[in-house]
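S.K.: Below is the sequence, then the predicted model.
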Amino acid sequence: MADLTDYTAVKLLSLLQAGELTSTELTKAYLDRIEACDQKIGSFLRTDPEESLKHAAAMDRRRNAGESPGPLAGLPIALKDNLCTRGQTTTCGSRMLENFKPPYDATVVEKLREAGAIPLGKTNLDEFAMGGSTESSALGETCNPWNTTCIPGGSSGGAATCIASGMSPLSIGSDTGGSIRQPAAFCGVVGLKPTYGRVSRMGLVAFASSLDQIGPLARTAEDAALLLEVIAGHDARDSTSLDQSVPRYRSVLQQPLKGLKLGVVEEHFGEGLDAEVESAVRESIRVYQELGAKITSVSLPHSEYAIATYYVIAPCEASSNLARYDGVHYGYRTDENILHATLKQQRSGLSATDDEQALNNLDSPLVRLYRQTRAEGFGAEVKRRIMLGTYALSAGYYEAYYLKALKVRRLIRQDYDEAFREVDLVIGPVTPTPAFPRGSKIDDPLAMYLGDLYTVSANLAGVPAISIPCGFSNAGLPIGLQLQGPPLSEDRLLQAAHWFQKETAWHQRRPALN
Amino acid sequence: MMSDKPYKIVIGLETHVQLLTETKLFCRCQNRFGGPPNTQTCPVCIGLPGTLPVMNRKAFQLSLITAIALNCEVPKFTKWDRKSYYYPDLPKGYQISQYDLPMSQNGWLEISDPQGNFDSKRVGIIRAHLEEDAGKSMHDELAGKADSRIDLNRTGTPLLEIVSCPEMYSSLEAKTYLTELKLLLTYLEVSDCNMQEGSLRVDANINLHVDTPQGKVATPIVEVKNMNSFRAVERALDYEAQRQYSEWQEAGKKLGDVPKQTRGWDDGAQVTRAQRSKEESSDYRYFPDPDLVPVIVEPEEVEQVRQSLGELPAVLRKRLQTDYSIKPYDANVTVNQGPKFAEYFIRLAETSGDPQQASNWMQQEVLRTLNEESWAVDEFPVTPDELSQLLQAVQKGEIDRSRAREVFREMTMQGNSFQQAMQSLGIEQVDQSALLQLCEQLLTEFPQIVADVKAGKQQALGRIIGEAKRRNPNVNPGQFRQPCLDLIEQK
Ligand SMILES: [Zn+2]
């Protein structure tokens, strides 16, 4: 048999269902691959081979017993480490939650278990999903499989790299401003951010609640469709989840594209777009034309404000969502003996100099516990966003920043509504450039943020968007194509992506890892 | 009572009411008082990562009922906001509350004083909004060493915050407002309003409008907390008014000159004390909670709730006066004892056919017994129908009041029916011939009395009646008097 880790999930599933392959064999193959490659890539923060094989064996037993154990039965899957897994460490790439074990599964994890998927492990991410390079993870480094000196993208860096390097056929990521699509583009895989509310957020550790959305990563649109069908749907435990039935995405894929109206987003081809990326995207548009799509030009006039809007709203929500990590109830806590000793020393120092004012201003033990815990538990990027958000929500700034951002957010949504009156989907690049060298932007947050230029709008508007491989740079780095659609048009997006992949072979290339 | 002071007291009250729901506001934990610490908690209410709140419809319904009973407007659109501050009993680092678009606003509550110490008035309600409660902290913060214990059982239980306008001008008005509010909530069955258990909590904002040669001057507003009974509220406000006046005379600080101060009532010392203001108190960084969706309340729903409210205290007081012709004071006492008491009275008034007598009995014998035995109306062993038989016997003159009280005691203490009680006390009707015989005998024994009565001294008869009762306790003075007079007449 050829290398199993090279197959698509759909192909593997048919082998499993036909009895030509056991889940144990398959899981073993992926665990071996992880063993062989992950030291180099760093996709996984943790794996538990014994546990995975136990699940695989159980699946095999059930299948042998004639049961039909679910639509993903026996298929391995990787989970981003901001998805809660019952009794298993869920770190969010942060020291703050390094040892945190939630007593519950995320709804998505529950659904995957019910569908018979075999969790392989938890993948690396930017700390609390804040970042576009996975470099802000406090717990591990992740490299781009196409060039290990480059970043894999982020925040779902581990989720994208494990697919690209054949360490998992499927994986789950989360996307707040591009965190699925951008690493998918940088790693040459498919990544879908569904409509806001399509997939339950229950059990996804919140970064920015009104923007966060869980989605699939895979090699093909068909595999992504397979996975989305399992994880989508209404959840009474998430008030923002949409009460809409889930289409059978895979059956929609096969319908021909004839008559599809694609809008090329004018604003996405302006300043800052790398020439190689532009030519790959333009070439892709030509592919669609050949597939029978009608291409027109559309405008999303408020695009230029998207980054500014996003970097107000997301930090505001983050500053509030991350307030709970204070060292009191769970998670990291600063060393209290040191804390008290330090306070005592500071107090006696101030008493000696009779500095009444400074003595009065000295932290109470509780306040010091908060400050010190958060100072030690969070990394620089997380702190930066907490400060931005706290500032923007403060009295006197709220109207100028947060409220203004909400207004622009509505305008951005209106742009989409208008565009989708003219076209079915809009098409453009995912990122301005291919993956960049590790460390090159770590001290330049603004440059890092500008990389989210084309992705954040979909989150602000709540619309679905997909990233598919559409070319390579001269340096051999993947380039992604982005399609965005109106709310709940995941079927259309997947269908369009599927036909593109039938016409192109970009997704069949594999990085040389050895 | 205020006119003799050179200032006017201005009071606004913020009342937090715990709603009687089965489960908490945003998770499905039990909403119950007590229980070992941290046993009524779940990942949602202790704010574990990844958990999400889901609104309890029942809690919203109870708030709606209350808001409508408080004559509030209920906007069609209301939303949830996060109020951020750090405290160990607040596990998420924010409280889910309502900020700029509360679920209700602009209502009023009518208060009056039967003694006439102030004119009946409507106290404005600025807003009533729903929020989640925090947990409880117990501190032992020694210098340099912190030891705090946290109980999160209360975290996330539904609280309705009712904010009045600053429209009460004496501690009595404030106390009356609270009494009336508590009564309303009891009639609505939305809260048990137990101040000891914290299901009703009151904070007061108070300042003075001082008369000066330059006109009225407002003093700085002080928020008074930590008042654990209505009595404490009354005393704290009286104390605070005097304290503020003294401070005004000494320092002359006007509203706006100093930041708003918070003071706590020390019930032992009967004084208010300045509280250390929280470091972060000034800026709660409110913003809409993105985990929750806005709540839409259709006008039809408001109308439906309004229709189903039932009879509220103010209306019931008026009805008791018109339907049963009892005095405003009596109607007030009856209604203020709560819906069950009022219900008992109505039944007693109906069956006995004598509402005024029913009212007297309720307010004297029944109320006294309830207080002495610490019974709730539910626990009172005599049904209104049984009690009604006793009242009718009194009315017909079959037994006198003092005997009736003995029967009442027998009924309440032994749980006897009216008939059983009469029997066990050996009370029988004395027949007319026996009565006349006794009378004849006494008149013979006390000729002087006969002479006195004949001479016009009617009160001399008392002695004969007393003697008759001594010889036969069943003798009813009302029934004895006339035959006795008739016999004297014949002599
Ligand atoms: Zn709970």
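M.R.: That came through fine. Residues are numbered from 1 along each chain as shown, chains lettered A, B, ... in the order given.
S.K.: Output the below-cut-off pLDDT ranges for the chain.
M.R.: Because you didn't say which chain, this covers chain A. Using pLDDT under 70 as the threshold, the predicted model of chain A has low-confidence ranges A:1-2, A:514.
S.K.: not quite, I wanted chain B
M.R.: Of all residues in chain B, those with pLDDT under 70 make up the ranges B:1-3, B:140-146, B:277-281, B:429-430.
S.K.: max-length helix in it?
M.R.: Counting residues, the longest helix found in chain B (DSSP state H) is helix B:230-251.
S.K.: OK, contacts around the closest residue to A:Ile386 other than its chain neighbours?
M.R.: Ranked by Cβ to Cβ, 6 or more residues apart in numbering or on different chains and with sequence neighbours excluded, the top spatial neighbour of A:Ile386 is A:Ser319, at 4.7 Å. The way it works is simple: take the backbone N, C-alpha and C, and place the C-beta from them, glycine included. Applying Cβ atoms under 8 Å, 6 or more residues apart in numbering or on different chains to A:Ser319 gives the contacts A:Arg385, A:Ile386, A:Met387, A:Leu388, A:Gly389, A:Thr390, A:Leu393, B:Arg285.
S.K.: change it to 10 Å
M.R.: Residues in contact with A:Ser319 (Cβ atoms under 10 Å, 6 or more residues apart in numbering or on different chains) are A:208, A:382, A:385-393, B:84, B:93, B:285, B:287.
S.K.: Spell out whether whichever helix or strand comes after the longest helix of chain B and chain A are in contact.
M.R.: Of the helices and strands lying after helix B:230-251 in sequence (DSSP states H and E), the nearest is strand B:261-266. No - using Cβ under 10 Å from any Cβ of the partner chain, strand B:261-266 stays clear of chain A, with a minimum separation of 17.4 Å.
S.K.: Strand B:261-266: partners in the sheet, and parallel or antiparallel?
M.R.: Applying DSSP bridges, strand B:261-266 is found paired with strand B:222-227 (parallel), strand B:271-274 (antiparallel).
S.K.: rewinding a little: identify the farthest-apart pair in the contacts of A:Ser319.
M.R.: In terms of Cβ to Cβ, those reach their longest pairwise distance at A:Val382 and B:Phe287, which sit 19.0 Å apart.
S.K.: more crowded one of these two?
M.R.: Set side by side, A:Val382 and B:Phe287 show unequal neighbour counts under other Cβ atoms under 10 Å in any protein chain shown, the larger going to A:Val382 at 28 against 24.
S.K.: For the helix or strand harbouring the more buried one, C-alpha coordinates in PDB please.
M.R.: Assessed by DSSP H and E, A:Val382 sits inside helix A:380-393. Output in PDB follows, covering the C-alpha atoms of helix A:380-393 (Å, rounded to 0.1, in the frame of the first residue of the first chain):
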ATOM      1  CA  ALA A 380       4.000  40.100  25.100                       C
ATOM      2  CA  GLU A 381       1.400  39.900  22.300                       C
ATOM      3  CA  VAL A 382      -1.400  39.000  24.700                       C
ATOM      4  CA  LYS A 383      -0.500  41.800  27.000                       C
ATOM      5  CA  ARG A 384      -0.300  44.200  24.100                       C
ATOM      6  CA  ARG A 385      -3.900  43.400  23.100                       C
ATOM      7  CA  ILE A 386      -5.200  43.400  26.700                       C
ATOM      8  CA  MET A 387      -3.800  46.900  27.000                       C
ATOM      9  CA  LEU A 388      -5.200  48.100  23.700                       C
ATOM     10  CA  GLY A 389      -8.600  46.800  24.500                       C
ATOM     11  CA  THR A 390      -8.600  48.100  28.100                       C
ATOM     12  CA  TYR A 391      -7.700  51.500  26.800                       C
ATOM     13  CA  ALA A 392     -10.300  51.500  24.100                       C
ATOM     14  CA  LEU A 393     -13.100  50.500  26.500                       C
END
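S.K.: Roughly how far does the nearest residue to B:Ser120 once chain neighbours are set aside sit from chain A?
M.R.: The shortest distance from B:Ser120 to any residue other than its chain neighbours is 3.7 Å, reached at B:Ser112 (Cβ to Cβ, 6+ apart). If you measure B:Ser112 against chain A using Cβ to the nearest Cβ, to the nearest Å, the figure is 41 Å.
S.K.: phi, psi of B:Ser112?
M.R.: The phi and psi torsions at B:Ser112 (degrees, to the nearest 10) take the values phi -150, psi 160.
S.K.: who touches whichever residue of the stretch 1-150 of chain A sits closest to chain B in this structure?
M.R.: At 4.5 Å from chain B, A:Cys84 is the closest residue in the stretch 1-150 of chain A, using Cβ to the nearest Cβ. A:Cys84 makes contacts with A:90, A:92, A:100-110, A:202-205, B:43, B:48-51, as judged by Cβ under 10 Å, 6+ apart.
S.K.: what's the neighbour count on residue 111?
M.R.: No chain in the question, so chain A it is. 20.
S.K.: Wait, chain B was what I had in mind.
M.R.: The local packing of B:Ile111 (other Cβ under 10 Å) involves 23 other residues.
S.K.: What's opposite it in the beta bridge?
M.R.: The residues listed as beta-bridge partners of B:Ile111 by DSSP bridges are B:Lys121.
S.K.: Tell me who's in contact with it.
M.R.: B:118-123, B:168, B:172-181, B:314.
S.K.: swap in B:Glu489?
M.R.: Applying Cβ under 10 Å, 6+ apart to B:Glu489 gives the contacts B:Val453, B:Lys454.
S.K.: so how far is B:Arg347 from B:Tyr324?
M.R.: Relative to B:Arg347, B:Tyr324 is positioned 12 Å away (Cβ to Cβ, to the nearest Å).
S.K.: ditto for A:Leu260
M.R.: In this view, A:Leu260 and B:Arg347 are 76 Å apart by Cβ to Cβ.
S.K.: A:Ala58: neighbour count?
M.R.: The number of residues packed near A:Ala58 is 16, by other Cβ under 10 Å.
S.K.: do the same with the one 5 residues further on
M.R.: Around A:Arg63 sit 19 other residues, with neighbours defined as other Cβ under 10 Å.
S.K.: That one contacts A:Gly19, correct?
M.R.: Yes - counting by Cβ atoms under 10 Å, A:Arg63 sits close enough to A:Gly19 to count as a contact (7.6 Å).
S.K.: Could you check which of B:Tyr324 and B:Arg347 is surrounded by more residues?
M.R.: It is B:Tyr324, of B:Tyr324 and B:Arg347, that has more neighbours when counted by other Cβ under 10 Å, with 19 against 16.
S.K.: Strands of the stretch 251-400 of chain B, start to end?
M.R.: Listed in chain order, the strands found in the stretch 251-400 of chain B under DSSP state E, counting those that start in this stretch are B:261-266, B:271-274, B:287-288, B:295-296.
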